[in-house]
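In: coords please:
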Amino acid sequence: MKKMSTRRHFLTAAAVAASVQIVPRHVLGGPNHTAPSEKLNIAGIGFGGMGSHNLAMCARTEQISALCDVDHNYARKVFTQYPDAKRFHDYRELLTSDVDFDAVVIATPDHTHAAISAAAMHKGKHVYCQKPLTHDAHESRVLARIAKQTGVATQLGIQGHSGEGRMLVSEWIWDGAIGEIAEVEAWCSLSYAPHGHASWSSPCSDRPAKIEKPPAGMDWDTWIGPAPMRPYHSCYHPRVWRCFWDFGCGMMGDRGVHTIDAIVSSLKLGHPDSIECTHVKGGNAEVHPESAVIEYRFPARGSFPALKLTWREGQEPSRPKELEEGRKYPREGGVMYKGSKGILMNDVYGGSPRLVPETAMKAYKRPKKTLPRVQGGHEQDWIRACKAGKYDAAGAHFGYGGHLTEITLLGNVAKRFPGKKLLWNGEAMRITNHGPANDWVKRPYRDGWTLDETA
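Out: Next up is the predicted model:
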């Protein structure tokens, strides 16, 4: 009986082994690849704001297995929504823990996006990172390279990229709806003035002299991350950090990445030749300006002519004569493509595209839809990419999202040198005519913090 049992066990094991060899890898899963029928285990890092929404969208189909936030009191509500998720203060502890997870959603302040994303990708984790992808242009280039080298699936949190509007903008422009486009106006009419958003806390346009004690349950040193150390103050956390140079990317990173997305994808923009800040109001060494105007110049690309792209924050562009009297600009901001045959406008997220005037829209015969549509939203687009095991399967993967972020953050470099036309060598990643500007292309890290740029 013992010999028969041993033989039966051997035959069963052999059959199982044979079946494993003939089952396709895409069914069983593997490195950077989860079987489509299996749920991803997802960890959230920083979720007091938009991150809570991203997690909720993922939780519709997947499992939230770990949560990490430096301020457990501020994040308490989200913790209670996922009671079985393991809790952490420091992302480095999460990444070295024995918690089983395949992917991370990162929604921390801008200045920590790169360090956390790079560390997660080096651990083989798929990454969804809120916009802007990074705090400076150099970091964007690095994350795009690491994503490709590690092969993990990535997605930049610009939900409009997965929307119908952005697709239509591209299809209409490629159809020749407004002819050749040599000029584009993009804007966000919102402003950070008074700095610190008075509705959230006391306005603050400089480094506060008063020192406050961090809230109970908050790890301030980890929140500061690679930025220069400074004492805690409630004007930075929560949320108000975005207007401070050390932590946030200002309106350029807040809305600029959303708004310029449809321009980059529809007009197939590469590196700009130059960037110039032609207007700036307010701001100082601590905080971003109240309003600014940035002018980009892009070379001709294939069938596309050279382009002048103007970004305005805290103000709107002049109304074109074609825009009907009484017709309002899109709420909060948008894009105006000025073509040789007409004008096309969309909102700040690339949605609600319309030809101007409305009579032109009604007369336009729309082309066939040629771009694949995203089902289920931006997070689900990323989840499908994770399960497919393809680093560039999601629409706003870091190859695309890194390039988009790099373009927008060059606008922040220009703000530091108003009136100076900065010449940009995209391949070398350098400002060629003003050395001091390169100090803002790549910002230094605090001692003890590094960006792991290796594969």
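In: how far away is the closest residue to His271 other than its chain neighbours from Thr61?
Out: Nearest non-adjacent residue to His271, counting by CB to CB, 6 or more residues apart in numbering: Gly426, 2.6 Å away. For glycine as for every other residue, the C-beta is placed from the backbone atoms N, C-alpha and C. Counting by CB to CB, to the nearest Å, the gap from Gly426 to Thr61 is 38 Å.
In: more crowded one of these two?
Out: Gly426 (16 against 13; other CB atoms under 10 Å).
In: Surely that one touches Ser274?
Out: No. Counting by CB atoms under 8 Å, Gly426 stays clear of Ser274, with 11.1 Å between them.
In: Please report phi then psi for Asn54.
Out: Note on Asn54: backbone dihedrals following degrees, to the nearest 10 are phi -60, psi -40.
In: Over to Thr96?
Out: According to degrees, to the nearest 10, Thr96 has phi -100, psi 0.
In: ditto for Ile45
Out: Main-chain torsions, Ile45, degrees, to the nearest 10: phi -120, psi 110.
In: Output the below-cut-off pLDDT ranges for the stretch 351-455 of the chain.
Out: For the stretch 351-455 of the chain, the stretches flagged by pLDDT under 70 are 455.
In: do the stretch 1-150 of the chain as well
Out: Checking the stretch 1-150 of the chain against pLDDT under 70 turns up 1-37.
In: can you do 50?
Out: The model of the stretch 1-150 of the chain has pLDDT under 50 over residues 1-30.
In: which residues of it fall in helices?
Out: In the stretch 1-150 of the chain, the helices defined using DSSP state H, counting those that start in this stretch lie at 2-22, 25-28, 50-59, 76-81, 91-95, 113-122, 137-150.
In: Give me the distance between the residue nearest to His271 and Gly314.
Out: For Gly426, the distance to Gly314 equals 28 Å [CB to CB].
In: same deal with Thr359?
Out: Using CB to CB, Thr359 is found at 32 Å from Gly314.
In: Doesn't Gly411 belong to a helix?
Out: Yes. Gly411 forms part of a helix when assessed by DSSP: H, G, I helix; E, B strand; the rest coil.
In: host element of Ala394?
Out: Here Ala394, judged by DSSP states H and E, is contained in no helix and no strand.
In: need the contact list for it.
Out: 153-155, 381-382, 384-385 (CB atoms under 8 Å, 6 or more residues apart in numbering).
In: By neighbour count, which of those wins?
Out: Ranked by neighbour count (other CB under 10 Å), these have Thr154 at the top, with 33 neighbours.
In: doesn't His126 make contact with that one?
Out: Yes. Using CB under 8 Å, Thr154 is in contact with His126, at 6.9 Å.
In: any common contacting residues for these two?
Out: Common contacts of Thr154 and His126 (CB under 8 Å, 6+ apart): 382, 385.
In: if we can go back for a sec, Thr359 and Gly314 - which one has more neighbours?
Out: Counting neighbours by other CB under 10 Å for Thr359 and for Gly314 shows that Gly314 has the greater number, 22 against 11.
In: Show the contacting residues for that one.
Out: So, once contact is read as CB under 8 Å, 6+ apart, Gly314 ends up touching 188-191, 193, 251, 281, 289-292.
In: So which of those is the closest to Lys268?
Out: Ranked by distance to Lys268 (CB to CB), the contacts of Gly314 are led by Cys188 at 23.1 Å.
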